[in-house]
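# pasting the structure only:
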């Protein structure tokens, strides 16, 4: 009877309502976001939505300033010229768990729990706001997610909200700061990151100006490499920016964004080498409650949509009808397989069905041929030799627009053709020369079969070398020189890219149209074979030329090796041992190492056993030429060796898209800046922040400023 009475007392209209324990709910919601990065994402998303409203509804020009203070252990997210929070909204929305004023699926936040995520990072939070809609200005201090206390009015001069997190012990403030680099990469509101250290503990409270460096770029394609084949499209619910890269062996990278903020889509498979997908409406493709990942249903539906779209669009981006189309493409490896791989279920072939014209051109590109080329040599001191090499026609089509089909590989014939066509190349069929239909198709594609007659025409058009008298007085405009245009050439074998010296010897007359090419940046040297390896070591714009005989009356108009040595002997270069003249380097006992890096300040921070000399490519060319002329041994680093880099940075070269078989200007540039900061900066937090920033392609243009900031504020004295 007593039990029945208790039940009757608890019943309301025949129903017993379920009650919630406030403390338990607050605890559970606060720990819904287990990763500190998730907490930062939610807090940034709150301000992002406020900035969107201020921009779209009130015509404001909002910005977000993120400030890390490693001394006071605070993280500040500050919306400037933003919306702010009214007292009514704070009482009815922000301070009530599960309450949300967002009715738009194209804006972040649908559950009303985001602000409580700060408990993962901080037990207390200071919220200061200046409401655009009402002009109200107030500040609230939240303690442990349990309650808010009003504190003194903030000094904000611009509308918006400033949230200050007091980071828990055990969490690294600098490491948390690195999360923003990835978090804000594609934000459409200008976002700036500023770091305060022990030497800079005065907090910047200006509402008018931002400080630090910008870490966002709304263009999804800005992280895609320029050397890739870009593919972009969008509809009302998503947008995609992707790329196919020149190597098919690259592990795919898929970056999924929900309203421009990162979210996991673990089972999403797109046959692109690099890809950024931004979902525009989270009610169409829903996230899980913690916003860590898309739901399985969302992933499945999104993948189906993307694959249908790619299947329709890939032919538009990839189909070719001629060799000229092939030359314009950046992912040429595709066309070596398009003739036979179109039925494969691997990679791009799952969605791309090449046109008949594409398959026809691909068959021609895959034909085996023989060419006359320089032999591969391992030693930089070795003299290259010409040999016959077997390759595919497509490899020649990539490099040359003037290809001549012949039954013999005569170097003299090829050199003569290059008098008029700089890239003229002779190719010899490998067993298919009797296929008239194939020959006819190649001719339609621009391959020529008139090498002998064309060479004869060129030979007759060349003016002979003349001398005006037995005294060997030479007309300068007709004097014969041999110009070497040597550069590094890449070729692929069994999936590996190799670098070899691609040296082209060109005999020509010094006509008035050629003077500009041979003057200024050209040094005339004897025994040019001794100096050709410089072009392998240094990607320079300078030239070398061999002159059979240089008349005395013309020597003051050309830079000879002798004149170069006399002029440069007293030139100074910055080394790790101070300024040194080129002449003094000849007596140097330490190993001379030239680092291809433009910032000379690195020399002052290097304390290794080598004599390190940082130089630009053209400066390095001059030093290499001077040292070779005196048979002085040296080494050229396009970047530091793996072991030395690892010892200084604790990182691998491959962490920065570096490879050891070709010179990549972007990758080597990043590696050298990371190496520089590792030598010059002692603050571990700043080092880690810079190392992380250097891995982000979207921040490449800002790395020099960040490097200078690190050296200026945290550099070793």
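Yes, it's here. Note that the coordinates shown come from a computational prediction; the quantities given were computed from them, not determined experimentally.
# Confirm residue 227 sits in a strand?
No: with DSSP: H, G, I helix; E, B strand; the rest coil as the criterion, residue 227 is assigned coil and is not in a strand.
# Hmm, it is touching residue 246, no?
Yes: assessed by CB atoms under 8 Å, residue 227 is found in contact with residue 246 at 6.2 Å. (C-beta placed from N, C-alpha, C; glycine too.)
# and for the two, which residues touch both?
Jointly contacting residue 227 and residue 246 under the rule CB atoms under 8 Å, 6 or more residues apart in numbering are residue 330.
# between these two, which one's more packed in?
residue 246 (18 against 12; other CB atoms under 10 Å).
# residues touching the more buried one, list them.
Counted by CB under 8 Å, 6+ apart, residue 246 has contacts 227, 228, 330, 331, 332, 333.
# would you list the residues you listed in a markdown table and tack on distance to residue 607?
As requested, these are exported to a markdown table (distance: CB to CB, whole Å):
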| residue | distance to residue 607 |
| --- | --- |
| 227 | 37 |
| 228 | 40 |
| 330 | 42 |
| 331 | 44 |
| 332 | 45 |
| 333 | 44 |
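# closest to residue 443 among these?
residue 332 (21.7 Å; CB to CB).
# Let's see the pLDDT reported for the closest one.
Confidence at residue 332, expressed as pLDDT, is 87.
# now swap in the one 10 residues further on and tell me
Residue 342 is assigned a pLDDT of 47 by the prediction.
# now residue 423
For residue 423, pLDDT reads 91.
# Check the one 10 residues further on too.
Listed pLDDT for residue 433 reads 69.
# again with the one 5 residues further on
The model reports residue 438 with a pLDDT of 91.
# could you point out which element follows whichever strand or helix holds it?
Per DSSP states H and E, residue 438 falls inside helix 436-444. Beyond helix 436-444 on the C-terminal side, the first helix or strand identified by DSSP H and E is helix 451-461.
# Mind giving me the packing neighbours of that next one?
strand 403-405, helix 411-417 (3 or more CB pairs under 8 Å, 6 or more residues apart in numbering; DSSP states H and E).
# Run through who's touching that helix.
Contact with helix 451-461 is made by 404, 405, 406, 413, 416, 417, 419, 420, 426, 448, as judged by CB under 8 Å, 6+ apart.
# any chance of those in JSON lines, with neighbour count and distance to residue 48 too?
What follows is the contacts of helix 451-461, written out as JSON lines (neighbours: other CB atoms under 10 Å; distance: CB to CB, whole Å):
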{"residue": "404", "neighbour count": "21", "distance to residue 48": "60"}
{"residue": "405", "neighbour count": "19", "distance to residue 48": "61"}
{"residue": "406", "neighbour count": "19", "distance to residue 48": "64"}
{"residue": "413", "neighbour count": "20", "distance to residue 48": "66"}
{"residue": "416", "neighbour count": "20", "distance to residue 48": "66"}
{"residue": "417", "neighbour count": "23", "distance to residue 48": "61"}
{"residue": "419", "neighbour count": "17", "distance to residue 48": "63"}
{"residue": "420", "neighbour count": "14", "distance to residue 48": "60"}
{"residue": "426", "neighbour count": "22", "distance to residue 48": "61"}
{"residue": "448", "neighbour count": "16", "distance to residue 48": "60"}
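# one step back: where among the helices and strands packed on helix 451-461 is average confidence lowest?
Across the helices and strands packed on helix 451-461, helix 411-417 gives the lowest mean pLDDT, at a mean of 89.
# Show me what that helix is packed against.
strand 425-429, helix 451-461, strand 496-509.
# again, 6 Å this time
Applying 3 or more CB pairs under 6 Å, 6 or more residues apart in numbering; DSSP states H and E, one finds that helix 411-417 contacts helix 451-461.
# what's the angle from the helix it packs on to strand 425-429?
Counting by axes from the mean of the first three to the mean of the last three CA atoms, to 10 degrees, helix 451-461 points 160 degrees away from the direction of strand 425-429.
# before we move on, the earlier item: would JSON lines of the helices and strands packed on helix 451-461 with distance to residue 581 be doable?
Converted to JSON lines, those look like this (distance: least, CB to CB, whole Å):
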{"stretch": "strand 403-405", "distance to residue 581": "49"}
{"stretch": "helix 411-417", "distance to residue 581": "41"}
